[in-house]
Structure formats: structure tokens, C-alpha cells
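>>> what shape does this take:
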Amino acid sequence: MIAHIAALGAALATNVACASLAERAEAAQFVRMDFDKKRGPSFNEAWSGKAGAPKLAKRHDWVDIEIDNQQVFYSVNLSIGTPPQEVRVLMDTGSSDLWVTGADVQCGPNNYPNKEQLNCFEHGAFDTSRSSTWNDNKTRFDIRYGDTTYASGTWGTDRLDLGQVNADGLTFAVAHASNSSVAVLGIGLPAIETTVSDFGYQYDNLPMVLKRNNVIKKTAYSMFINSLNADTGSVLFGAVDHSKYSGTLNTVPLVNANYRRRVNKPIELHVTLAGIGLDNGRSGEPVQTLLGSKVPALLDSGTTLTYFPSQLASRLARAAGAQWYSDEVGYIVSCDSRRLNNAYIYDFGGFQIRSPLSDYAMKTNVPGTCRFGIMPHGSDYAILGDVFLTRAYVVFDLEALEVSMAQAKYDGGSEQIEVIAGSVPRAVRAPGYNDPWKAYTQLSFQGDFGNLTSSGSGDSSSGSSVGGRSNSALALAPPLSAALFAAAIGASASIM
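Numbering: from 1, shown residues only. The predicted structure is shown next:
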């Protein structure tokens, strides 16, 4: 099972306040979850507001870039049991199970060096002995994530409310052992529930229970991450908000990127990425093709950066003027680079999402030097994280195994919410709907990118300041030898 709780890049810690956690319109049948966004290298530091920018450290003729391998969080408060007990959990599209911290949890060590002392109880714990409605089904639960965090315990059922929304009858697990300071609410496809690999069966997870309880009409939700620097965002279960996007919602099918594991249908949120172009901002000039063949792309709100096969990542970074530094840091770029005024154009089969390069430039403690939000990885599919999703409005239809997307709009005014009862309202099938990605092949970097031309919205003749003063010595410095990559918080590297 793939779960992207540990992610590289700037962190977003989100909390849904009790009063505004869920707003339900009885007649309309939808659930809105509003969340606040905070930045920090860990959930606890972002939540407490203690996170700060790393300090510049000079030692003779070299400088440290202190890089925190940070995480992306969407946290919600849950009310569980009778009488209710409050716990906070992370909302994750990359997994599908809900588990909460038990009152008797054994809190074990994790692999995060140089961080605060782990406290598994800090964000609430569920005491099954205090709930008269808890039903333990005596089935063992065990989950392990890619960042080495784990939880184990037992499955059961109880009363569960999300604000004013009734999700009674939801199966969830109570962890008796864990090395995570916060639990997880997975809202992905049921095919990646841990019960599938452990016991060979699926159960109704939260989106499915909301439909089963007649809270929503279809197992679908839309996600609006909002701009990178915005304080708020939202998720709508069972509905779409037309004020949050511009243009037309285009629908594409999910693709089966796991067929080599003998899976016969999509189990994760992969779509066809048909190409990537570069808009240089000079009106009328053709968009430069950076990728001319199809690859599956995982839409993952639990990942901050974007990840591509190594050859493609290198091509995208070069187009932005970014230089490889080390396995630990990745690519760096001058924060004042004029190329950051340009934009990637992601094509999904006849419709495009524009993604400014300036979104990928992340401040370091070195003035004028930014980390670039693209990383290579050893897989042959792409992972489109928050630096991409911040520019997209995305509707996940878990029943139809489809995704609808449009360019996100940050100033759309009053809500225009419409319930999803069948097909996604106002969405049309993308031109390439019937010609999706089917199999892994060698990447191609040729093509005319659909004869698109530059929008002229960029300005390649003037600088774009993302992170302060330019430091040409650092920006042009040669990379050190690659260090072993480790998804560990608090890593640092040196520029000679």
C-alpha cells in the first residue's frame, strides 16, 4: 500500500475547527470541510506555531543549507464513542483506513532525528473502556507507512461524528502500539484498505459510509487546496463548487498503474499525463515540449513536491534553470531567476493545467538560493503533489473511477455548490478520454504539444523574486557528491 504521509517540501498543517468542521445542507446532501493551513517541519511544530526558518550557518568557505524533509497535513477533529471523546487525525487521500490512538498505546521511537520528544497522546486518544457503544470485533490491525511510522491494534465499530455529520457504523481501528504522534483518516479507494492485503476483503470506509447513511448521494469529493500562501482550503464530500475553478471541468478515467502486480482495475488515483510543455511567456511562441508521451500520474494531496522518472525530472529542472545539488536536497535554483516567470503546461488528454515555475521555488536559509520542487524517483510514474494541485480543482469520483479537473480559481466569489448525484455537474469528457495510458513504455520528449502557443502571461525579460537577494556564488556552485537519500526530518547538506 502506498501512503504519502512523509513528503518533502513546505508543510501545510490544517485544522478544521469544531464550529466549521462540517456544514451539511439536508436537502442538498453534501458535507463541506474547511481547513486552515500552517507551515512547519512536523505536525506538532506546525500545529504549535513553533516552526521557524532555519538559521544560516557559515563555516569559513562553505555554507550549510538546512533542509527539513517536511510533511503535508490535513487534520480534522473527530468525536467518537458514547459519551463522545475528541481526537485529531490526519486526512489522507493516499490511504483508505481510519485508525485512532488508543488510551493504552505503547508509544515507540521513530526515525526522525533532532526533533521534539514523541508524544502519541498529544492530539487525543480514544479510551474504549469509557465508551458504552464500542464494539471490538477481535480482528488485528496493522499498518506501516513509507516514512517508517506504524500503528497496530484492533478493529471495531462505534459512534463517530464529524462535527454535525453522522458517520455511525464506520469501521475503524484503535492503535495499541504506534510511533506516530497523530492518527490517520484515509479517504482513498477501498482497494488499498489494509484488510484487502491482510484478510482479502473490503469494507465501507468514510466516503462510502457517508453515502450509505444518506449524507451524500454519491461516493465522490472535490478538493480545493487554494494558493500556496493561502490560509484556508476546502474539501466537499458529495458536491462540487463551481466558484473554485475557471473554464470547464474535464473528466478522465483513472488508469491501472499497478497492472504489473496482477491488479485488474485502478486501486489508486492515477490519471493519464499526456504531456508537459513549457510556456516561456513570450506571446505567440510555440510551447516547448518537455514530455511528448503518456505516463500515469498519481494525484496525491499528501505529497508536497512533484516526483518524476529521473530522465524527465532532469529535463523539467533544466528548463527552469535548476541545478542538481545532492540526493538529499535535490535541485536548487536562484530565487531571482527570470525563468521562474515561465510555466509548465500539464496536458491530460486535450485539456491543460497551467503551473507557474515560481510555485516550485522554495526558500532555504541561504539568501537568494531556493530549493526546486521537483524530485526524481526510481518509479516510472509521476506523483503530482501540492505544488501542482494548488493550481488544480480536482473532483474524485470513487464510484465511476474518474477524476474531473479544471484550473483552480482563487477569487471566485460566492459559493456555487452543486450536489453530485450522477455524473459530475457541468463536467465534460476530455478529448482524450477514450485514449488513456495503458502500459509502461520508453518516454518520448518529441512532439508539437498540440500546436499550443505561449499565453504571453509570463515575462521572461524581468526577474521574479521568490526568496530575497541573489547570491551568484551559491547559485552557480558545483554540486557535491550525492549523499544517500533518507526521508528523515532535519537533514542538512553543504554547498562548497
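>>> domains for the protein, by residue range?
13-212, 238-495 (automatic domain parsing).
>>> distance of residue 180 relative to residue 287?
43 Å (CB to CB, to the nearest Å). Heads up, the C-betas are built off the backbone N, CA and C, glycines and all.
>>> repeat for residue 128
On the measure of CB to CB, residue 128 and residue 287 end up 57 Å apart.
>>> who has more neighbours, those two?
residue 287 (24 against 21; other CB atoms under 10 Å).
>>> does that one touch residue 277 like I think?
Yes. The criterion here is CB atoms under 8 Å, and residue 287 meets it with residue 277 at 3.9 Å.
>>> would you map the strands across the stretch 201-350 of the chain?
220-224, 232-237, 239-241, 245-253, 270-273, 275-279, 288-291, 295-299, 306-309, 323-326, 330-334, 343-347 (DSSP state E, counting those that start in this stretch).
>>> can you put those strands in CSV and add mean pLDDT and mean neighbour count?
Compiled in CSV, those are given as follows (pLDDT from 0 to 100; neighbours: other CB atoms under 10 Å):
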stretch, mean pLDDT, mean neighbour count
strand 220-224, 96, 25
strand 232-237, 86, 21
strand 239-241, 98, 24
strand 245-253, 98, 19
strand 270-273, 98, 26
strand 275-279, 96, 25
strand 288-291, 95, 21
strand 295-299, 96, 24
strand 306-309, 96, 24
strand 323-326, 91, 20
strand 330-334, 94, 25
strand 343-347, 97, 24
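>>> tell me which of these lies nearest to residue 394.
strand 220-224 (5.1 Å; CB to CB).
>>> same for the closest one, what does it pack against?
strand 232-237, strand 239-241, strand 392-397 (3 or more CB pairs under 8 Å, 6 or more residues apart in numbering; DSSP states H and E).
>>> pLDDT score for the residue most central in space within the chain?
Against the mean C-alpha coordinate of the chain, by CA atoms, centre = their mean, the closest residue is residue 301 at 1.7 Å. Note for residue 301: predicted pLDDT of 82.
>>> was I right to think it contacts residue 225?
Yes. Using CB under 8 Å, residue 301 is in contact with residue 225, at 6.8 Å.
>>> can you pull the residues that touch both of the two?
Counting by CB atoms under 8 Å, 6 or more residues apart in numbering, the shared contacts of residue 301 and residue 225 are 386, 389.
>>> may I ask which helix or strand of this protein has the lowest mean pLDDT?
Here the helix or strand of the chain ranked lowest by mean pLDDT, DSSP states H and E is helix 472-475, holding a mean of 26.
>>> name the nearest residue to the residue nearest to the centre of the chain, ignoring sequence neighbours.
residue 93 (5.0 Å; CB to CB, 6 or more residues apart in numbering).
>>> worst mean pLDDT among the domains of the chain?
domain 13-212 has the lowest average pLDDT among the domains of the chain, namely a mean of 76.
>>> one step back: reformat the strands of the stretch 201-350 of the chain as TSV; add distance to residue 259.
Output for these, formatted as TSV (distance: least, CB to CB, whole Å):
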stretch	distance to residue 259
strand 220-224	24
strand 232-237	29
strand 239-241	30
strand 245-253	14
strand 270-273	11
strand 275-279	22
strand 288-291	21
strand 295-299	10
strand 306-309	17
strand 323-326	32
strand 330-334	30
strand 343-347	23
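>>> nearest to residue 160 among the ones you listed would be which one?
strand 232-237 (14.3 Å).
>>> residue 424 belongs to a helix, doesn't it?
No. Using DSSP: H, G, I helix; E, B strand; the rest coil, the assignment for residue 424 is coil, not a helix.
>>> and it, how far from residue 249?
6 Å.
>>> common neighbours of the two, please.
By CB under 8 Å, 6+ apart, the residues touching both residue 424 and residue 249 are 240, 395, 404.
>>> just the helices in the stretch 51-200 of the chain please.
Remark: helices assigned in the stretch 51-200 of the chain by DSSP state H, counting those that start in this stretch are 194-199.
>>> just to revisit the earlier point, so which of the strands of the stretch 201-350 of the chain is nearest residue 121?
strand 232-237 (26.7 Å).
>>> of the strands of the stretch 201-350 of the chain, which is nearest residue 370?
strand 330-334 (5.3 Å).
>>> state the number of residues packed around residue 129.
8.
>>> what's the closest non-adjacent residue to it?
Using CB to CB, 6+ apart, the nearest residue to residue 129 is residue 103, at 7.8 Å.
>>> likewise for residue 347?
Nearest non-adjacent residue to residue 347 (CB to CB, 6+ apart): residue 275, at 4.2 Å.
>>> can you check residue 265 too?
Per CB to CB, 6+ apart, closest to residue 265 is residue 256, 5.9 Å.
>>> ok, now which ones touch the one you found?
With CB under 8 Å, 6+ apart, residue 256 has these contacts: 263, 264, 265, 266, 267, 270.
>>> how far away is the second one from residue 273?
Right, the one you point to is residue 264. For residue 264 relative to residue 273 (CB to CB), the value is 22 Å.
>>> kindly report the same for the fifth one.
Distance, residue 267 to residue 273, using CB to CB: 18 Å.
>>> and if you look at the third one?
Residue 265 sits at a distance of 19 Å from residue 273 (criterion: CB to CB).
>>> is it correct that residue 317 is in contact with residue 374?
Yes. Counting by CB under 8 Å, residue 317 does reach residue 374; the two are 5.6 Å apart.
>>> what touches both of those two?
Joint contacts of residue 317 and residue 374 (CB under 8 Å, 6+ apart) are residue 331.
>>> okay then, goodbye and thanks.
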